[in-house]
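A.B. asks: After the sequence you'll find the predicted model.
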Amino acid sequence: EAQVTQNPRYLITVTGKKLTVTCSQNMNHEYMSWYRQDPGLGLRQIYYSMNVEVTDKGDVPEGYKVSRKEKRNFPLILESPSPNQTSLYFCASSLLGGQAFFGQGTRLTVV
Amino acid sequence: RKEVEQDPGPFNVPEGATVAFNCTYSNSASQSFFWYRQDCRKEPKLLMSVYSSGNEDGRFTAQLNRASQYISLLIRDSKLSDSATYLCVVLLNDYKLSFGAGTTVTVRA
């Protein structure tokens, strides 16, 4: 089954404690991206990758890092999380120019 | 100015009614257009792509107006299960997807 898998689905952490949210897709898509969704603001792109070892900043990259060492995986790293990074996060993948498939989301709370 | 703007609603309609709403986009070089559906904080899922000639999928009709830079979605014969947030999505020329904040539709019995 074609899918994008994110883990964990829910996470509560403390300020400053490094965390990684994993994202994996099995559709051999070139394009992967991370979004955060906050009430009234819609989905905002954090980082994206057009292929292995090619990553670039989206609209709200501050406080986040990513890597794309393999085509299927695109982890999101928060080196020092802060409360303003409390949000709902989605990973997505697509063929270049095609429809996006989303993971189920990660609800992150930073206290 | 936001790249994609939508009327947030909510649109509260009775079952069987027709509901329609628009989305405007600012980048005239936008290549492709989509409507996604999102249920209560779950992942967005593709509802339909929007083609230049307009297209229909069952009770859903999407239209694109490039001259005025807007797309529309019309839902006929609304069902309770149509209650959701509808996201307007525009593909820019660098493969970036730009999302509207969503239009909330509630269909009541």
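C.D. replies: Now that the structure is in, tell me what you want to look at.
A.B. asks: can we go C-alpha only for contacts and neighbour counts from here?
C.D. replies: Will do.
A.B. asks: Mind giving me the packing neighbours of the longest strand seen in chain A?
C.D. replies: When chain A is parsed with DSSP state E, its longest strand is strand A:42-51. Packed against strand A:42-51 by the contact rule (3 or more CA pairs under 8 Å, 6 or more residues apart in numbering or on different chains; DSSP states H and E) you find strand A:31-38, strand A:54-57, strand B:97-99.
A.B. asks: Would you format these as CSV with mean pLDDT and mean neighbour count included?
C.D. replies: Converted to CSV, those look like this (pLDDT from 0 to 100; neighbours: other CA atoms under 10 Å in any protein chain shown):
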stretch, mean pLDDT, mean neighbour count
strand A:31-38, 95, 23
strand A:54-57, 95, 15
strand B:97-99, 88, 23
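A.B. asks: Which among the ones you listed is found nearest to A:Thr22?
C.D. replies: Comparison of the helices and strands packed on strand A:42-51 against A:Thr22 by CA to CA identifies strand A:31-38 as nearest, at 10.6 Å.
A.B. asks: So what are the sheet partners of that closest one and their directions?
C.D. replies: Strand A:31-38 has the following strand partners under DSSP bridges: strand A:42-51 (antiparallel), strand A:87-94 (antiparallel).
A.B. asks: The longest one: which residues count as buried?
C.D. replies: Residues of strand A:42-51 classed as buried by neighbour count (16 or more other CA atoms under 10 Å in any protein chain shown): A:Gly42, A:Leu43, A:Arg44, A:Gln45, A:Ile46, A:Tyr47, A:Tyr48, A:Ser49, A:Met50, A:Asn51.
A.B. asks: Go through those residues and name the one with the lowest pLDDT.
C.D. replies: Least confident of the buried residues of strand A:42-51 in the model: A:Gly42, at 83.
A.B. asks: my guess is A:Asp56 contacts A:Ser49, does it?
C.D. replies: Yes. Counting by CA atoms under 8 Å, A:Ser49 is a contact partner of A:Asp56 at 6.2 Å.
A.B. asks: quick revisit: need the strands paired with strand A:31-38 in a markdown table with distance to A:Gln3, can you?
C.D. replies: Listed next are these as a markdown table, based on distance: least, CA to CA, whole Å:
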| stretch | distance to A:Gln3 |
| --- | --- |
| strand A:42-51 | 18 |
| strand A:87-94 | 9 |
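A.B. asks: can you list the residues of chain B near chain A?
C.D. replies: Selection of chain B residues close to chain A by CA under 8 Å from any CA of the partner chain yields B:32, B:42-46, B:91, B:95, B:98-102.
A.B. asks: Now for those residues, which sits with the most neighbours around it?
C.D. replies: B:Gly102 (28 neighbours; other CA atoms under 10 Å in any protein chain shown).
A.B. asks: How about the secondary structure of the closest residue to it other than its chain neighbours?
C.D. replies: In this structure, B:Gly102 finds its nearest non-sequential neighbour in B:Leu87, 4.4 Å apart by CA to CA, 6 or more residues apart in numbering or on different chains. Following DSSP: H, G, I helix; E, B strand; the rest coil, we place B:Leu87 in the strand state.
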